[in-house]
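K.L.:
My questions are about this predicted structure, shown below with the sequence.
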Amino acid sequence: MSKQIGLLRVAVTVAAAAAFIVSWSSGFIIPAFATVDVSPLTLLVWRFVPLAALLVAVTLVSGAVRGVTAHELRVQAAIGVFAQFGYCVAVYGAVAAGIATGTVALIDAVQPLVVAVLVGPILGLRVRGAQWAGLGVGAVGVLLVVRSQFGSSDAPVQAYALPVIAMACLILGTFVQRRSPVKTGVLVTLTIHVTVTAVLLLAMAAATGTLVPPASGSFWLAVTLTAVFPTVIAYGLYWWLLRRVGITALQALLFLMAPATSLAGALLLGEPMTAVTVAGFVLCGIGVGLVLAGEPRGSVRAAQSTG
């Protein structure tokens, strides 16, 4: 019976990881379509404001916010400023500037290597030799996947700082979340992050004259898709997986964002797809497998116990 329960837990985790990869990758692809004729700020503000109102209502009605202290609200608000507001604004800015989606995902995928270097001094965790090897193999795979995309856009050089900023924001928010004793539920966490982001975006859009949305149906379709997939599903699963499998395993999954995004970019945007790209996919998969296989069972149980 315990073996069946264990297999079910693994199946649930694998399904959640797959859904996380697909939904997070959509956050690179949808803006490439939706920000052609619309400011990225306009899309972002209407992605977050209605969703914030909905999540606040659901959280209040469900009673999920009961018992949450002012300190917990402040900590989660600070995390949301970096992990959602800073990350999304930088990614949308990079895509709108013309940087290929796979290139944005590549720079974003460097995050696991940075995290692997920092988990020791910041969180007191040890990254095993096999995991370092997996991270290295995955990094090579990511480079292969998007190599052909470098130089394929007219984006100014300074625009390439935006995906780096996005990566730094998500890393900072993730480490604050892991170091903090605050462990609010996923619904409350997501509601706070989305609400803080919505407020900041409203102020930015109003100040820059980009608040008024277009009347086109395609815009509102993009708003709906970005609210559901890269926001509710992807961010919800990010925090859920962080607690379930641990920070190293979760960061390894981010290696798969570049292959997934490049594949979607090839199918939907006509971005390059070659034999080298496929080889990169394989290396990314091997790298993720090595990192996950090297994750100690005890650390996974500890991560689960904090959720």
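P.N.:
All right, it came through fine.

K.L.:
Could you give me the buried positions within stretch 196-212?
P.N.:
196-201, 204-205, 210-211 (16 or more other Cβ atoms under 10 Å). (C-beta placed from N, C-alpha, C; glycine too.)

K.L.:
do stretch 81-99 as well
P.N.:
The neighbour-count check on stretch 81-99 (16+ other Cβ under 10 Å) flags 81-97, 99 as buried.

K.L.:
from those, which ones fall inside helices?
P.N.:
87-96 (DSSP state H).

K.L.:
Export the residues you listed to JSON lines and append columns for distance to Val115 and pLDDT.
P.N.:
Shown next, in JSON lines, are those (distance: Cβ to Cβ, whole Å; pLDDT from 0 to 100):
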{"residue": "Tyr87", "distance to Val115": "14", "pLDDT": "94"}
{"residue": "Cys88", "distance to Val115": "19", "pLDDT": "94"}
{"residue": "Val89", "distance to Val115": "21", "pLDDT": "95"}
{"residue": "Ala90", "distance to Val115": "18", "pLDDT": "94"}
{"residue": "Val91", "distance to Val115": "18", "pLDDT": "92"}
{"residue": "Tyr92", "distance to Val115": "23", "pLDDT": "92"}
{"residue": "Gly93", "distance to Val115": "23", "pLDDT": "92"}
{"residue": "Ala94", "distance to Val115": "20", "pLDDT": "90"}
{"residue": "Val95", "distance to Val115": "23", "pLDDT": "87"}
{"residue": "Ala96", "distance to Val115": "27", "pLDDT": "87"}
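
K.L.:
residues near the spatially closest residue to Val75 that is not a sequence neighbour, how many?
P.N.:
Once flanking residues are discounted, Val75 sits nearest to Val182: 4.5 Å by Cβ to Cβ, 6 or more residues apart in numbering. The number of residues packed near Val182 is 17, by other Cβ atoms under 10 Å.

K.L.:
thinking Val182 is in contact with Ala77, fair?
P.N.:
No: look at Val182 against Ala77 with Cβ atoms under 8 Å: they stay out of range, at 10.8 Å.

K.L.:
now the helices: where do they sit in the stretch 1-150 of the chain?
P.N.:
Taking DSSP state H, counting those that start in this stretch as the criterion, the stretch 1-150 of the chain carries its helices at 2-34, 40-62, 70-80, 87-96, 101-109, 111-123, 129-146.

K.L.:
Relative to the whole chain's centre, how far out is the fourth one?
P.N.:
Relative to its chain's centre, helix 87-96 lies at 12 Å (Cα atoms, centre = their mean, to the nearest Å).

K.L.:
Can you show me the CA trace of it as PDB?
P.N.:
Provided in PDB are the C-alpha atoms of helix 87-96 (Å, rounded to 0.1, in the frame of the first residue of the first chain):
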ATOM      1  CA  TYR A  87      10.500  39.200 -13.300                       C
ATOM      2  CA  CYS A  88       7.500  39.800 -15.500                       C
ATOM      3  CA  VAL A  89       8.300  43.400 -16.400                       C
ATOM      4  CA  ALA A  90      11.800  42.500 -17.400                       C
ATOM      5  CA  VAL A  91      10.800  39.400 -19.500                       C
ATOM      6  CA  TYR A  92       8.000  41.300 -21.300                       C
ATOM      7  CA  GLY A  93      10.400  44.200 -21.900                       C
ATOM      8  CA  ALA A  94      13.000  41.800 -23.400                       C
ATOM      9  CA  VAL A  95      10.500  40.100 -25.700                       C
ATOM     10  CA  ALA A  96       9.000  43.400 -26.800                       C
END
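
K.L.:
quick check: angle from that helix to helix 2-34?
P.N.:
On the basis of axes from the mean of the first three to the mean of the last three Cα atoms, to 10 degrees, helix 87-96 is oriented at 50 degrees to helix 2-34.

K.L.:
And what about the residue nearest to Val75, helix, strand or coil?
P.N.:
Classification of Val182 using DSSP: H, G, I helix; E, B strand; the rest coil returns coil.

K.L.:
Asn59 - how many residues pack around it?
P.N.:
No Asn there; residue 59 is Thr. Using other Cβ under 10 Å, Thr59 is surrounded by 20 other residues.

K.L.:
again with Val56
P.N.:
By other Cβ under 10 Å, neighbour count at Val56 equals 16.

K.L.:
Reformat the helices of the stretch 1-150 of the chain as JSON lines; add distance to Leu190.
P.N.:
What follows is the helices of the stretch 1-150 of the chain, written out as JSON lines (distance: least, Cβ to Cβ, whole Å):
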{"stretch": "helix 2-34", "distance to Leu190": "13"}
{"stretch": "helix 40-62", "distance to Leu190": "6"}
{"stretch": "helix 70-80", "distance to Leu190": "9"}
{"stretch": "helix 87-96", "distance to Leu190": "13"}
{"stretch": "helix 101-109", "distance to Leu190": "20"}
{"stretch": "helix 111-123", "distance to Leu190": "20"}
{"stretch": "helix 129-146", "distance to Leu190": "28"}
